[in-house]
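Novice: Provide a 3D model corresponding to the input given below.
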Amino acid sequence: MAKTPRYRLESNGYFSCDQHRFIPIGVNYWPASCGVDMWQVWPEAEIQHDLDVMVKLKLNTIRFFLRWQDFEPTPGQYDPVMFQRLHQFLDWCRARNIAANPSLFVGWMSGGIFWPEWKQGRNLFQDPFMLERSIQFTGKAGEVFSAFPDTILAIDQGNEMCCLPDCGSASPAAISHWCGEINRAVRTHWPEAIMMNGSEQNQIAWDTGWRFGQQPGCDLYSMHGYPVPVWHPVHFDGMTDPLAQQLLPFYTQIARAFGPVMLQEFGTIPPFGPDRQDHYLRAMLPAAWAAGANGFLYWCLRDVHAP
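Specialist: I've put the predicted structure just below:
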C-alpha cells in the first residue's frame, strides 16, 4: 500500500508538508564535473557532497532532470542501471529531508536539445510512435517515483518544453493531448502525484501550444525567467533596470490568474558582479512572492564546467 504523501498542494495554491506551510526554496541541479552526462558518469561522491552543501545552506528542494536516451537507449529497452541510480538519488534526498522535483524529459536544456538518436526527427507531440514511447517511459519512471511519496514534492513533464521546435510543427490540441497522457501515465502508478509542465515565460510571450487552462492534469504552472534582454519580448537595460526586476513577477501574476505557480527557475545570467546580482534579486524575489509564486528554485547550484 502506498504511503500518504507528505507534500500537498492546498486549495490556496501553496504547498504544505506534514500539514504545515512549505515554501520550496532550492536549486536546479547538474553536477559541475559532468553536467548533462550525470546519469552516465554518476559521480556519487560529488552528488552526495552537493546534497550535503544544500543542507548546510538550509535549502529544502532540488530540481533534477532525466535524460531520456540514458534511460531508454533503444526503443522499449530500458537500462536498469539508470533506474537504480534514479532510485539511489531519491534515497539520498530522502535521507537528507530534501524535497525532490524530478523533470521527466530534458528535451531543451540551456540552449541545447537532447533526444535519443532513435527519435529520428519525429515530432514528440504529434507522432504516434513518440507519443507511445513517451507514455511508456513516463510509466517506467512513475514506478520509481511512486516509492517516494515522502520525498517528491512535484513532478514536471520536462524542461521548457515550450522552447522545442516540435511545438512549432504540432497543433495545440496535440500538445494538450500529450500533456494529459503524460500526467495520466504517472498517476497510473501514483494517483496523488502533483504534476506540472516545467515551462517558462514563452507560455505568455508566444503561442507555443502550451496554453494556460489547456494543460490537462497539471496541478500548477511553472515559471522561469532571467534578466537577459534578448530573451524577452520587451527590452530593458540590464539587471538594475526596474523593468527587469518586475518582468518575472509580472509573468508569474499572469500565470497565477489560471492556477498556482512555482518560480521554478530564476537566476542572474550574466552576473556582472555580486552587487548587481544582489540588487536584482532583492527587488525581484519579493515582487514574485507578492505576485503569488509558491516556491523559488535558483539556476543552479554550481557553474557547470563540463565540456
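
Novice: Distance-wise, check Asn60 relative to Gln215.
Specialist: 26 Å (CB to CB, to the nearest Å). Where you see a C-beta, it was placed from the backbone N, CA and C, and this is true even at glycine.

Novice: and what of Asp52?
Specialist: 36 Å.

Novice: Tell me which of the two has more neighbours.
Specialist: Set Asp52 next to Gln215 and count neighbours by other CB atoms under 10 Å: Gln215 wins out with 24 against 12.

Novice: Let me see the ranges of the helices in the stretch 201-307 of the chain.
Specialist: Secondary structure of the stretch 201-307 of the chain by DSSP state H, counting those that start in this stretch: the helices cover 202-205, 242-256, 274-290.

Novice: Which residue, other than its chain neighbours, is closest to Asp150?
Specialist: Excluding the flanking residues, the one nearest Asp150 by CB to CB, 6 or more residues apart in numbering is Arg6, at 4.8 Å.

Novice: Let me see the contact set for that neighbour.
Specialist: Neighbouring residues of Arg6 by CB atoms under 8 Å, 6 or more residues apart in numbering: Cys17, Asp18, Pro149, Asp150, Thr151.

Novice: Return the entry from those with the maximum number of neighbours.
Specialist: Busiest of the contacts of Arg6 [other CB under 10 Å] is Thr151, holding 22 neighbours.

Novice: and it, what are its phi and psi?
Specialist: phi -120, psi -40 (degrees, to the nearest 10).

Novice: from what I can see it touches Ala99, true?
Specialist: Yes. Counting by CB atoms under 8 Å, Thr151 does reach Ala99; the two are 6.9 Å apart.

Novice: what do the two both touch?
Specialist: Taking CB under 8 Å, 6+ apart as the criterion, Thr151 and Ala99 both touch Cys93.

Novice: which stretches of the stretch 1-150 of the chain aren't confidently modelled?
Specialist: By pLDDT under 70, the low-scoring segments of the stretch 1-150 of the chain are 1-4.

Novice: which stretches of it form helices?
Specialist: Using DSSP H, counting those that start in this stretch, helices in the stretch 1-150 of the chain cover 38-41, 44-56, 68-71, 80-95, 128-145.

Novice: so which of those comes closest to Ala170?
Specialist: helix 128-145 (10.2 Å; CB to CB).

Novice: helices and strands around that closest one, which ones?
Specialist: helix 68-71, helix 80-95, strand 99-105, helix 172-189 (3 or more CB pairs under 8 Å, 6 or more residues apart in numbering; DSSP states H and E).

Novice: Specify the stretch among these that is closest to Asn159.
Specialist: Per CB to CB, nearest to Asn159 of these: strand 99-105, 5.3 Å.

Novice: Name the residues that touch that closest one?
Specialist: Against strand 99-105 from outside (CB under 8 Å, 6+ apart): 7, 17, 22, 24, 26, 60-66, 68, 86, 89-90, 93, 124, 134, 137-138, 141, 145, 148, 151-159, 161, 182, 198, 264, 297.

Novice: now that strand and helix 128-145, what's the angle there?
Specialist: For strand 99-105 against helix 128-145, the angle by axes from the mean of the first three to the mean of the last three CA atoms, to 10 degrees is 160 degrees.

Novice: roughly how far is strand 99-105 from the heart of the chain?
Specialist: 6 Å (CA atoms, centre = their mean, to the nearest Å).

Novice: Pull the contacting residues for the spatially closest residue to Gly26 that is not a sequence neighbour.
Specialist: Take Gly26 and drop its neighbours on the chain: the residue closest to it by CB to CB, 6+ apart is Thr61, 3.4 Å away. Thr61 makes contact with Pro24, Ile25, Gly26, Val27, Ile98, Ala99, Ala100, Asn101, Leu153, Gly295, Leu297 under the criterion CB under 8 Å, 6+ apart.
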